[in-house]
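Student: Just the structure for this:
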Amino acid sequence: MENTGKELTLKLLIDKKSDKVLFGEANKDVVDFIFSLLALPLGAIAKLLKKDAMVGSIGQVYHSLGMLNETYILSKEKISSLVNPTLASTSNTKSNFLLSQSTHQDTKDRRLYVCYNPNYSSRSCRYVSEDPGVSCPNGHGLINTVAMFVPKSDVSSAVAVGSDGNGYVKGVVTYTVMDDLTVVPMSTISSITLLNKFQIKDLGSLEEKMVNIGFEEGLKLLKASLETKAVLTNVFLKKNRASNYA
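Tutor: Purely as a prediction, here's the structure:
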């Protein structure tokens with residue numbers, strides 16, 4: 001997997017006494033990336049993080065499936081769909097720069113086949129298949145007519161996602177990202193409330209730090225999100241811990 005060259009920025013508020021990230025200040029792009037982690041199938045996560053970096057046994061499952069000899073598998077296509085999973089275009093995959101463009105599945109490259117036989121044009125048949133040549137359960141013959149996808153109009157898309165275009169959230173506000181990646185809209189009152197929650201008495205102990213989120217940091221955030229509730233602290237502060245996410 002290659003680095004796309006895209007980098008995001010995140011402003012952290014750090015308590016120097018405890019060497020811990022209290023929370024971060026993020027824009028729409030950062031929040032879209034965080035939410036896009038939910039769209040990743042396990043196969044994509046295992047491929048990104050590699051076997052030895054995975055917690056639990058999913059990495060071993062991924063590795064063993066990829067190592068199976070052709071003698072034991074039904075089809076290469078089915079195995080490929082698991083070890084190299086594609087993501088539907090409805091998942092807003094543009095928000096996640098960890099994935100190469102080849103991982104994204106666009107509707108223009110997708111094929112579905114419908115049951116269509118001129119001799120049975122008076123009868124409605126709703127069966128479809130991802131594989132051509134499958135027999136229609138209604139006895140109409142083979143399901144081998146390519147169906148055409150109709151994309152959403154620009155108007156309907158704008159209504160669905162708002163004026164910000166792609167992604168999951170609107171860019172009309174700044175967002176607070178907690179150490180455990182909890183995301184809420186930011187406000188002055190909420191920031192003061194958080195400082196009280198963390199029992200910060202000495203404002204001099206606080207420090208702002210701007211960090212970049214590129215490909216490597218994105219991988220570390222993904223891995224840390226599966227292992228700890230102190231994600232931002234582990235990735236951006238704790239050098240002894242951060243080395244574990246390389």
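
Student: Which of the three states applies to the residue lying closest to residue 25 once chain neighbours are set aside?
Tutor: Leaving out its chain neighbours, the residue that sits closest to residue 25 by C-beta to C-beta, 6 or more residues apart in numbering is residue 11, at 4.2 Å. From N, CA and C alone the C-beta is placed, and that goes for glycine too. Following DSSP: H, G, I helix; E, B strand; the rest coil, we place residue 11 in the strand state.

Student: give me every residue that touches residue 11.
Tutor: 24, 25, 26, 208, 209, 210, 211 (C-beta atoms under 8 Å, 6 or more residues apart in numbering).

Student: Can you say which of those are buried?
Tutor: Among the contacts of residue 11, those scoring as buried are 24, 25, 26, 211 (criterion: 16 or more other C-beta atoms under 10 Å).

Student: In CSV: the residues you listed, plus pLDDT.
Tutor: Formatted as CSV, the buried ones among the contacts of residue 11 follow (pLDDT from 0 to 100):
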residue, pLDDT
24, 94
25, 95
26, 95
211, 95
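
Student: From residue 188, how far out is the residue nearest to residue 25?
Tutor: Distance from residue 11 to residue 188, counting by C-beta to C-beta, to the nearest Å: 15 Å.

Student: mind checking which helix or strand of the protein has the lowest mean pLDDT?
Tutor: Every helix and strand in the chain was compared by mean pLDDT, DSSP states H and E; the lowest is helix 154-161, with a mean of 38.

Student: Enumerate every residue touching residue 196.
Tutor: Going by C-beta under 8 Å, 6+ apart, residue 196 touches no other residue.

Student: Now do the buried residues in the helix or strand that it is a member of.
Tutor: Residue 196 belongs to helix 188-197 when assigned by DSSP states H and E. For helix 188-197, the buried set under the neighbour-count rule, 16+ other C-beta under 10 Å, comprises 194, 195.

Student: Could you do stretch 13-25 as well?
Tutor: Buried-residue list, stretch 13-25, by 16+ other C-beta under 10 Å: 13, 14, 15, 21, 22, 23, 24, 25.

Student: before we move on, the earlier item: name the next helix or strand downstream of the least confident helix or strand of the chain, please.
Tutor: Using DSSP H and E, the helix or strand that follows helix 154-161 in sequence is strand 175-178.

Student: Mind listing the strands that next one pairs with, and their directions?
Tutor: strand 20-26 (antiparallel), strand 183-185 (antiparallel) (DSSP bridges).

Student: tilt between the following helix or strand past the longest one and strand 20-26?
Tutor: Moving toward the C-terminus from strand 20-26, the first helix or strand encountered (DSSP H and E) is helix 28-36. Here helix 28-36 runs at an angle of 110 degrees relative to strand 20-26 (axes from the mean of the first three to the mean of the last three C-alpha atoms, to 10 degrees).

Student: which among the buried residues of stretch 13-25 gets closest to residue 83?
Tutor: When the buried residues of stretch 13-25 are ranked by distance to residue 83 (C-beta to C-beta), residue 24 comes first, at 33.9 Å.

Student: Grab the nearest non-local neighbour of that closest one.
Tutor: Closest to residue 24 by C-beta to C-beta, 6+ apart is residue 177, at 4.2 Å.

Student: which residues does that neighbour contact?
Tutor: 10, 23, 24, 25, 26, 30, 31, 34, 183, 232 are the contacts of residue 177 under C-beta under 8 Å, 6+ apart.

Student: mind redoing it with 10 Å?
Tutor: Residue 177 makes contact with 10-12, 21, 23-26, 30-31, 34, 183-184, 186, 231-232 under the criterion C-beta atoms under 10 Å, 6 or more residues apart in numbering.

Student: What is the most widely separated pair among those residues?
Tutor: Applying C-beta to C-beta across those, the maximum distance is between 186 and 231, 18.0 Å.
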